[in-house]
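K.L.:
here is a sequence together with a model predicted from it:
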Amino acid sequence: MTNKIENITIEQLPIIDIESHVNDKEELNKKLISKEIENACKNFGFFYIKGHGIDQELIDRLERLSKKFFSLDQSIKMKYRMELAQRAWRGYFVVGGELTSGLKDWKEGLYLGTELNDDNPLVIAQTPLHGLNLFPTPEEEIEYDLVGFKDTILTYIDKVTKLGHSLMELIAISLNLSADYFSSRYTKDPLILYRIFNYPSIVSIGGDVDNKTTGESSDNDDKVEWGVGEHTDYGVLTILYQDDVGGLQVHSKNGWISAPPIKGTFVCNIGDMLDRMTGGLYRSTPHRVELNRSGRDRISFPLFFDPNFNSYPTEIEGIEQIENKDDSSSRWDHFNIHSFKGSYGQYLLNKIGKVFPDLKNNVL
């Protein structure tokens with residue numbers, strides 16, 4: 001089975017320069033940038049940012065070390081498999097190990113997040129998705145030629161999390177709210193979920209994917225259509241770095257459009273909780289990743305800037321009302337995100353349990 005060919009609309013996501021906000025924080029600059037963000041969120045739910053202040057050398061170093069990690073023998077990578085982190089939900093998964101809408105994605109990856117020691121109150125309370133990451137030891141970093149891998153990952157998470165706080169200020173202003181609206185209610189202590197994904201370039205045999213990368217049999221259950229199938233993200237904001245291979249596609253109002261790599265930028269997109277809080281004014285937009293046929297592996301770094309696990313996101317009081325707020329009939333998962341009752345943690349656990357159903361049954 002090959003991935004379905006659909007017409008791709010010739011349309012481009014907006015590119016927003018946030019350098020003036022990052023550097024001088026002047027109110028006029030905030031308002032001008034926020035207006036661009038408002039337009040992007042209403043029309044696309046996606047936008048690029050440049051002038052973000054993240055050092056390209058840090059990004060390049062992490063990309064280089066990540067490629068080295070994924071090139072290791074499978075037996076070595078499995079030393080850091082997600083099952084070992086238990087409720088922390090961190091570690092490595094194999095190609096085809098992650099599901100979208102019940103179908104295997106053609107990627108492998110590392111699940112990571114804010115590094116929390118065993119004495120952290122959330123860890124003591126056994127809160128899912130909180131805890132220590134699974135990193136190679138200093139000795140293993142030397143043995144596997146990965147020196148600096150842990151430190152580089154944690155530095156990247158820290159810097160991009162700070163960028164997330166800045167972007168949420170701009171999003172708040174774009175909604176005519178105080179700059180601290182989200183931080184004072186939901187994201188002062190955000191749930192940070194960070195991923196390093198590797199999309200192997202496929203081997204095609206008669207138009208089908210040969211699953212030898214996973215070491216599994218190549219029966220029909222192992223055939224895949226997408227690098228990642230159609231989905232929306234769960235939290236408030238995703239900040240994505242992608243290498244130069246490309247493959248990201250976004251479902252705009254006019255159809256599917258490509259979101260190609262642009263040097264020096266991140267791709268940002270709205271998650272379900274921002275959709276919920278804005279009453280659908282800012283929609284979480286479906287997106288997917290094509291099967292990688294480039295001949296080179298594709299690397300991407302999505303950081304999910306999410307509400308606090310124990311928070312209860314609700315619609316912003318006085319928000320502009322729209323028609324057809326409930327879009328469940330057209331959503332990829334047919335779920336009404338405006339009607340569910342519960343905490344963000346409850347929403348998230350329901351979602352991720354479908355991505356790794358066997359892991360959920362074993363550790364949550």
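P.N.:
It's in.
K.L.:
shaky segments in the protein?
P.N.:
Within the chain, the set of residues satisfying pLDDT under 70 comprises 1-10, 24-25, 203-222.
K.L.:
show me the longest helix that occurs in it.
P.N.:
Looking only at the chain and at elements set by DSSP state H, the helix with the highest residue count is helix 149-174.
K.L.:
contacting residues around the next helix or strand along the chain from it?
P.N.:
Per DSSP states H and E, helix 149-174 leads on to helix 181-182 as the next helix or strand towards the C-terminus. Identification of contacts with helix 181-182 by C-beta atoms under 8 Å, 6 or more residues apart in numbering yields Met168, Ile171, Ala172, Leu175, Val236, Ile316. Using the backbone N, CA and C atoms, a C-beta is placed for each residue, glycine as well.
K.L.:
check stretch 337-350 too.
P.N.:
The set of residues that contact stretch 337-350 without belonging to it, under C-beta under 8 Å, 6+ apart, is 127-129, 186, 191, 234-235, 272-273, 275-276, 279-280, 284, 306-313, 315, 325-326, 328, 360, 364.
K.L.:
pull out the buried positions in that stretch.
P.N.:
Ile337, His338, Tyr344, Gly345, Tyr347, Leu348, Leu349 (16 or more other C-beta atoms under 10 Å).
K.L.:
just the element for the last one, please.
P.N.:
With elements delineated by DSSP H and E, Leu349 resides in helix 344-355, which encompasses its position.
K.L.:
pull the distance from that helix to the chain's centre.
P.N.:
Centroid separation between helix 344-355 and its chain, computed with C-alpha atoms, centre = their mean, to the nearest Å, is 14 Å.
K.L.:
could you look up the SS state of the residue most central in space within the chain?
P.N.:
Against the mean C-alpha coordinate of the chain, by C-alpha atoms, centre = their mean, the closest residue is Pro302 at 3.8 Å. Each residue gets one of three states, and Pro302 gets strand by DSSP: H, G, I helix; E, B strand; the rest coil.
K.L.:
ok, now the one 10 residues further on?
P.N.:
Reducing the assignment to helix, strand or coil with three-state DSSP, the entry for Tyr312 is coil.
K.L.:
and what of Leu13?
P.N.:
Under three-state DSSP, Leu13 comes out as coil.
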